[in-house]
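Enquirer: task: produce atomic coordinates for the following.
(one chain, ligands or ions: 2)
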Amino acid sequence: MASAADSRHGQKDASDQNFDYMFKLLVIGNSSVGKTSFLFRYSDDTFNSAFVSTVGIDFKVKTVYRNDKRVKLQIWDTAGQERYRTITTAYYRGAMGFILMYDITNEESFSAVQDWATQIKTFSWDNAQVILVGNKCDMEDDRVIPAENGKQLADQLGFDFFEASAKANINVKQIFERLVDIICDKMSDSMDATPSTVTGSKPTRLTDMAPPVQQTCSC
Ligand code: GTP
Ligand code: MG
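Expert: Ligands and ions are numbered 1, 2, ... in the order given. Below is the predicted model of the structure:
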């Protein structure tokens, strides 16, 4: 991701200092649930059906807008494989939001959710916001986890819940928007927000439409 394969725009986005807030987000869950695919769908609107398991950790940067504020998302894509656990948990610190993902066609990935939730509790900030995501909802014929079970578990853990598909582009953008919204709500609850910062009033939706801002051209 932060590699030669990056588009010029991606590199520019990663080094862009022009933002009001920076949110560090992590995508976690068992190997092969679709974390990398989900992130590629969100940042590049692409999908690859080949499985290239993530080695260690990687990240993408995307800037979104909430009210008039530029929110730079630094989204860390963690390897699900057990052998990278020491590396990946080191990145939990300072994360403001987590997408905890399982695969609706994979029982083991769902059973592991509790353990992932414990990892969040152990290694992250107390106020970190979490969304539980059941990915691959395009594979209805192979489903082994009913949506109600996902919702029930999320309720127990105090997390928001969505089903999604990186492949069919279902709920991908909505999940990131929701995560940013709940982080902003939490921020306004826990700090003395001035009217010019994120307010405690009902949040408006994020859009990817940039407001007219003065930017120096770096090309
Ligand atoms: P690790 O990097 O090992 O932790 O795995 P990962 O969670 O990043 O999984 P990855 O995104 O690499 O996807 C694993 C496989 O599932 C790939 O073959 C993807 O093409 C496929 N996949 C991911 N998301 C979806 C989805 O929404 N629907 C379907 N049908 N396949 C998906
Ligand atoms: Mg991956």
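
Enquirer: could you see whether ligand 1 lies near the lengthiest helix in the chain?
Expert: In terms of residue count, the longest helix belonging to the chain (DSSP state H) is helix 172-190. No - using Cβ under 6 Å from any ligand atom, helix 172-190 stays clear of ligand 1, with a minimum separation of 8.9 Å. In short, each C-beta sits where N, CA and C put it, glycine included.

Enquirer: can you check stretch 53-71 too?
Expert: Yes - against ligand 1, stretch 53-71 shows contacts by Cβ under 6 Å from any ligand atom at 53-54.

Enquirer: so how far is that stretch off the chain centroid?
Expert: In this view, stretch 53-71 has its centroid 8 Å away from the chain centroid, taken as Cα atoms, centre = their mean, to the nearest Å.

Enquirer: got the buried residues for that stretch?
Expert: Neighbour-count burial for stretch 53-71, counted by 16 or more other Cβ atoms under 10 Å, picks out 54, 57-67, 69-71.

Enquirer: filter those residues down to the ones near ligand 2?
Expert: Residues of the buried residues of stretch 53-71 in contact with ligand 2 (Cβ under 5 Å from the ion): Thr54.

Enquirer: which residue in the buried residues of stretch 53-71 has the weakest pLDDT?
Expert: Least confident of these in the model: Asn67, at 84.

Enquirer: ok, that one to Leu73 distance?
Expert: Remark: distance between Asn67 and Leu73 (Cβ to Cβ, to the nearest Å) = 16 Å.

Enquirer: swap in Asn48?
Expert: Distance, Asn48 to Leu73, using Cβ to Cβ: 21 Å.

Enquirer: please apply the same query to Gln129.
Expert: Look at Gln129 and Leu73: by Cβ to Cβ, they are 13 Å apart.

Enquirer: could you find the closest non-adjacent residue to Lys60?
Expert: Once flanking residues are discounted, Lys60 sits nearest to Ser43: 4.5 Å by Cβ to Cβ, 6 or more residues apart in numbering.

Enquirer: ok, the one you found - how many residues close by?
Expert: Using other Cβ atoms under 10 Å, Ser43 is surrounded by 20 other residues.

Enquirer: in a helix, it, correct?
Expert: Yes - using DSSP: H, G, I helix; E, B strand; the rest coil, the secondary structure at Ser43 is a helix.

Enquirer: who's in contact with the nearest residue in space to Phe176 that is not next to it in sequence?
Expert: Once flanking residues are discounted, Phe176 sits nearest to Tyr42: 5.8 Å by Cβ to Cβ, 6+ apart. Contacts for Tyr42 (Cβ atoms under 8 Å, 6 or more residues apart in numbering) come out as 60, 62, 75, 172-173, 176.
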